[in-house]
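A.B. asks: What shape does this take:
(one chain, ligands or ions: 1)
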Amino acid sequence: MFVYPKHEVRRTADLCGNWRFAFLGPGDPDDVRIDRTAYDDWMPVPMAFDAMPRYAGRRGLAAYKTTVRVPPRRRARVEFGAAGMWCRVFVDGRPVGEHTGGYTPFAVDIPPSRTESRELVVLADNQFNVERSPLQEEYFDWYHYGGITRPVSLHVLPATFIERLDVRTEDWRKGRIGVAVLLGGDPGSTETIEASVDGKRVLSRACAVGDRRIELGLSVPAPKPWSVAEPNLHYLRVQLGQDDLCVRFGLRQVRVRGDRILLNGKPLKLLGYCRHEAHPQFGPALPESQMAADLALLKDLGCNFVRGSHYPQDQRFLDLCDEVGMLVWEESLGWQQEARHFTDERYMQLQLEGAAEMVRASFNHPSVILWGVFNESRSDLPEGYEAHRRLLSHIRSLDPTRPVTFASCRGTRDVCQDLADVASFNFYPGWYSGSLDDVAPQIRKHLKCARKNGPKPFIVSEIGAGAVPGWRDQNAARWTEQYQAALLERAAAEVVRNRKITGVALWQFCDCRTSEQTQRALGRPRGFNNKGTVDEYRRPKMAYEVVKRIFRKAGVRG
Ligand code: ADA
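C.D. replies: Down below sits the predicted model:
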């Protein structure tokens, strides 16, 4: 719902749609002769190729091909929303870039040419491979798909172009913003820079573009703050010479004060779910209408909060959260990392790069209020302390405007809690251990752990139970919908009742396909993580009406 186009001057092209496709099967990408590939199929972009029936469950290399038109002798760039798990991009048969991580945006340059028609090939790989895709491992408790899973676009660029606009709220009441204009290309000339907010000119002056960054202080003509109840959005357009960029932003400030998270000075109560980007027919490449339908269900449940578990989110989903008023915890890619990860410098560099890609992509979303890292990793180890310190301080250096956290399952053994602005714990009383009577006491026990060094916001970042969809039984034991409803009722009621608890992200919004690794599969009926309050097709389980009643009574959904 962008009221203004993202570019009025820059020439761009949407590259979504059917590309030519060939599944090459298992193998090493260095053995692939792109010029000898027979493209015998078609594949929509964005889409996970192994969510398509013909390639379901198969792992290997896949080649995508399309043709793009670039004015002769002009530089251009292809921007990918994400491609996984690893990919290599070719232009006219020559490699121009690679990317790993599967959930973050990246770009590759198209070198100038006298020829206008350019061949673009993407070699994508959904094979688990510690060299090419170390950030994604088969033991994780969700299914890892492959392909070009988020939108792709072509950008024809002038010598000096606008890389990014980072918008910081300086005063939400008065509508004062700080804007960092990040430049790419060849600096060194003097250009005229113009800025408008909501279509009204607010700046026009000459500027030297010798460095890569121009700082602007601007006023929003008719400021309206962003909130869950009133998700007002503003539009900033900057033109610099022959290039321009329009971004949306919201006037809001997030602060931690004592044991509260404040949004524009008001304490938040975060009630919601952890959500995987997952659907049996699309894998992680959900169409926008499905994203919107998910948000409508979250709103119907009375939620104001969603934790994007366990990787950076699709920018289109965050756009929708901005528009409808949903608060987001966004986190970098990871799951139960161990000491071997923390002591692997290449792994840590990829974690740092992936976190930076996430922060840069999501910086302007008012809905994103919290950054997370390293889900359930060994934050009880000395190596874990250094790894958490590096990653959290890196994120803070890129974005000092948002608090940071990490979802710990180490309880009192956790040695990293001083590094986080918000204490977040995952625990499953009544599921992996104990009974329904342990739910509220365990929440109170973790609250005490969160406050051991003084008042601090505390989020129950995961709690829940599995229910096989449609399974109801007189015993009402584990895996029944009755048991899941009873457990979530106790968890939601305790969080809503206890004013010292900042919030909860129930595990999880919808069922999702999980790893086919034997040990994982044996504990996951149907090969799915069945802890959704709705199943994978978003059909509600018994818990739905229970959580809805409790969350809506709390009145946070806006
Ligand atoms: C962990 C993990 C989730 C999921 C959950 C479960 O908390 O963070 O991704 O695996 O357990 O269902 O057991």
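A.B. asks: going forward, measure contacts and count neighbours with C-alpha atoms only.
C.D. replies: OK.
A.B. asks: I'd like to know how many residues surround the residue in the chain positioned nearest to the ligand.
C.D. replies: Residue nearest to the ligand within the chain: residue 141 (4.7 Å; CA to the nearest ligand atom). Around residue 141 there are 21 other residues, counting by other CA atoms under 10 Å.
A.B. asks: same check, this time on residue 453
C.D. replies: Residues near residue 453, counting by other CA under 10 Å: 10.
A.B. asks: going forward can the numbers begin at 59, since that is how I track them
C.D. replies: Happy to do that; since the first residue is 59 now, the last one works out to residue 511.
A.B. asks: pretty sure it belongs to a strand, no?
C.D. replies: No. Residue 511 is assigned coil when assessed by DSSP: H, G, I helix; E, B strand; the rest coil, not a strand.
A.B. asks: So residue 176 sits against residue 148, correct?
C.D. replies: No. Judged on CA atoms under 8 Å, residue 176 makes no contact with residue 148 at a distance of 10.2 Å.
A.B. asks: what about these two, which has more around it?
C.D. replies: Ranked by neighbour count (other CA under 10 Å), residue 176 and residue 148 place residue 148 first, with 19 against 16.
A.B. asks: OK, contacts around that one?
C.D. replies: 154-155, 177-180 (CA atoms under 8 Å, 6 or more residues apart in numbering).
A.B. asks: For PyMOL, what selects the buried ones among those?
C.D. replies: Of these, the buried ones go into a single PyMOL selection, burial set by 16 or more other CA atoms under 10 Å:
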select buried, resi 154+155+178+179+180
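A.B. asks: Show me the contacts of residue 148 that map onto helices.
C.D. replies: Under the assignment DSSP state H, the contacts of residue 148 contribute nothing to helices.
A.B. asks: of all the contacts of residue 148, which comes closest to residue 203?
C.D. replies: residue 180 (15.7 Å; CA to CA).
A.B. asks: Surely the closest one touches residue 147?
C.D. replies: Yes. Between residue 180 and residue 147 there is a contact under CA under 8 Å: 4.6 Å.
A.B. asks: which other helices and strands contact the longest strand that the chain contains?
C.D. replies: In the chain, with assignment by DSSP state E, the single longest strand is strand 218-229. Under the contact definition 3 or more CA pairs under 8 Å, 6 or more residues apart in numbering; DSSP states H and E, strand 218-229 sits against strand 234-243, strand 301-307.
A.B. asks: Ramachandran angles for residue 480?
C.D. replies: phi -130, psi 130 (degrees, to the nearest 10).
A.B. asks: What is the burial count for it?
C.D. replies: 26.
A.B. asks: Sticking with the residue of the chain closest to the ligand, tell me its helix or strand.
C.D. replies: For residue 199, there is no host helix or strand (DSSP states H and E).
A.B. asks: Spit out the contact partners of the residue nearest to the spatial centre of the chain.
C.D. replies: Of all residues in the chain, the one closest to the mean position by CA atoms, centre = their mean is residue 371, 1.9 Å from it. By CA under 8 Å, 6+ apart, the contact list for residue 371 reads 161-162, 335, 388.
A.B. asks: again with residue 464
C.D. replies: 430-434, 478, 481-482.
A.B. asks: Repeat the analysis, applying 6 Å as the threshold.
C.D. replies: 430-431 (CA atoms under 6 Å, 6 or more residues apart in numbering).
A.B. asks: With residue 370 instead?
C.D. replies: Counted by CA under 6 Å, 6+ apart, residue 370 has contacts 161, 389-390, 416.
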